[in-house]
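Visitor: pasting the sequence and the predicted coordinates here, then a few questions.
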Amino acid sequence: GGKYGRRLRKTIADIGKLRTRQANRRRDFTHKLTTNLAKNHGMVGIEDLRVKNMTATAKGTVENPGRNVRQKAGLNRSVLDNTPGERRRQLAYKTRLYGSELRVVPPFHTSQTCAACGRVDPESRKGCGRLFACVHCGHEDDADHNASVEIEARARRTGGTATNSTRSVPRTRVPATGRRRMRETPKPAHTS
């Protein structure tokens, strides 16, 4: 034991406190985010992500070793830290609670689809950079924003898998061919 043992136990306890604090912050952020989305939007569109498939082992096997193991392990950590499954679970019950609608859409190629022209091309999204640059129409955008516009368009177009549709707030009509962002009409102020 001695001095080193005490120091080691103290360090481990400090690390445990930090991890607990981080987990609490993530949980708090997730609750605030999902409440805000469910309360303030008539429809919330999300990708139907399979976290288990996204975080498959990076190591591979002896015969078929994994590639970019360190990067894949880091990505797995960030996916699990982002808790998409927990966000979806909370959105499902909060959209019902606040009378909005959750639409779940297929995630295929959302990061490679141009929100302006609709063409899918992996060349438009070189590597894992932050830039989306369509090789067909020249549209450029932040990659995450471009994907979010595509997810919204899919949710509006297909209706996704609606978990609820009780809200009676009138919405502006979205043209079938239009991919521009449309907003809900403002809610009338309630007087009490």
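Guide: Now that the structure is in, tell me what you want to look at.

Visitor: quick check: closest non-adjacent residue to residue 37.
Guide: residue 44 (5.0 Å; CB to CB, 6 or more residues apart in numbering). To be clear about C-beta, it is placed using only N, CA and C from the backbone, and glycine gets the same treatment.

Visitor: count the neighbours of that neighbour for me.
Guide: By other CB atoms under 10 Å, 22 other residues sit near residue 44.

Visitor: parallel or antiparallel, which strands does the strand or helix carrying it pair with?
Guide: Per DSSP states H and E: residue 44 is located in strand 43-47. Here strand 43-47 has these sheet partners by DSSP bridges: strand 101-105 (parallel).

Visitor: restricting to C-alpha, output the partner strand in CSV.
Guide: Only the C-alpha atoms of strand 101-105 are listed here, as CSV (Å, rounded to 0.1, in the frame of the first residue of the first chain):
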residue,chain,number,x,y,z
GLU,A,101,-44.8,14.4,-34.5
LEU,A,102,-41.6,12.3,-34.7
ARG,A,103,-40.8,11.1,-38.2
VAL,A,104,-38.0,8.5,-38.5
VAL,A,105,-36.4,8.3,-42.0
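
Visitor: which strands and helices lie in contact with the helix or strand containing residue 36?
Guide: Element membership of residue 36, judged by DSSP H and E, is helix 2-40. When contacts are defined as 3 or more CB pairs under 8 Å, 6 or more residues apart in numbering; DSSP states H and E, helix 2-40 sits against helix 84-98.

Visitor: quick check: mean pLDDT across the helix it packs on?
Guide: In this model, helix 84-98 has an average pLDDT of 92.

Visitor: dump the residue contacts of the nearest residue to residue 154 once chain neighbours are set aside.
Guide: With CB to CB, 6+ apart as the criterion, residue 154 has its nearest non-adjacent residue at 4.1 Å, and that residue is residue 105. By CB atoms under 8 Å, 6 or more residues apart in numbering, the residues touching residue 105 are 45, 46, 47, 48, 151, 154, 155, 158, 160, 161.

Visitor: between the residues you listed, which sits nearest residue 24?
Guide: Of all the contacts of residue 105, residue 24 sits closest to residue 46, with 23.8 Å by CB to CB.

Visitor: what is the neighbour count of that closest one?
Guide: Residues contacting residue 46 under the criterion other CB under 10 Å number 19.

Visitor: how near is it to residue 12?
Guide: To residue 12, residue 46 is 38 Å away according to CB to CB, to the nearest Å.

Visitor: ok, how many other residues are close to residue 114?
Guide: For residue 114, the neighbour count with other CB under 10 Å is 25.

Visitor: what's the answer for residue 150, then?
Guide: By other CB under 10 Å, the residues close to residue 150 number 24.

Visitor: I'd like to know which elements the helix or strand where it lies is packed against.
Guide: Per DSSP H and E, residue 150 falls inside helix 143-158. Helix 143-158 is packed against strand 43-47, strand 101-105, strand 131-133, with contacts defined by 3+ CB pairs under 8 Å, 6+ apart.
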